[in-house]
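Enquirer: any chance you could fold what I've pasted below:
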Amino acid sequence: MLDTVPLEDAYRALLDAAATVAKADDPAPPDGEWNADQILAHVSLISATTIATVAGIAAGANTTYDNRIALDAWTIEQAIAHAGGNVGLRDRIGGQAAALCALAGGAALSDAELSTPALARLLSNDTLLVDQPMSLREIVTGLAEAELPGHTKQLLALLPDRAVAAAAR
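Expert: Just a heads-up that it's a prediction; the model follows:
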């Protein structure tokens, strides 16, 4: 059994940060960094990939976990367009969070399924971070403990200093 409370909390914090950034005046990213919509599109693509991996393992399929498509600029722009922009991306991520928590939590998956390895290939800034099998439990836990909090910080970094201080309260 997987406790999905940390995953739910990580998604909630990300969506709260995204809403705060959406209300800010012109939160421009530093050169070479993603804007808020691009960050949210990336998270949406990662969430969809994670849902597909969970569903694949639950279906008994030999599955992989690969984040490269979620880093592709064209795919990110398509995700933004298909979702209808920032509000649509936040709604989509909220639905994906609910689906992922329902699929991965409670009695939905057995301990054996959560322990099933998937070949994982994870990149960040053109650097290979992971190229080895990871259990489904490690994938979902990594999303909650590292991926989502990292993008929450990335969103908050778009805010002017005074807004960051207010958002942290």
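
Enquirer: what about Ala19, how many residues nearby?
Expert: Around Ala19 sit 14 other residues, with neighbours defined as other C-beta atoms under 10 Å. (C-beta placed from N, C-alpha, C; glycine too.)

Enquirer: contacting residues for it?
Expert: With contact set as C-beta atoms under 8 Å, 6 or more residues apart in numbering, Ala19 has these partners: Arg90.

Enquirer: which of the three states applies to it?
Expert: Under the three-state scheme (DSSP: H, G, I helix; E, B strand; the rest coil), Ala19 adopts helix.

Enquirer: test my guess that Ala108 contacts Cys101.
Expert: No - with contacts counted by C-beta atoms under 8 Å, Ala108 stays clear of Cys101, the gap being 9.4 Å.

Enquirer: mind listing the strands for this protein?
Expert: Under the criterion DSSP state E, the chain carries strands at the ranges 64-66, 117-124, 127-135.

Enquirer: could you find the residue nearest the spatial middle of this protein?
Expert: Val43 (3.6 Å; C-alpha atoms, centre = their mean).

Enquirer: so how far is Asp126 from it?
Expert: From Val43 over to Asp126 the distance is 19 Å, taken as C-beta to C-beta, to the nearest Å.

Enquirer: Ala108 and Cys101: which is more packed in?
Expert: Counted by other C-beta under 10 Å, Ala108 and Cys101 do not tie: Cys101 has more neighbours, with 19 against 16.
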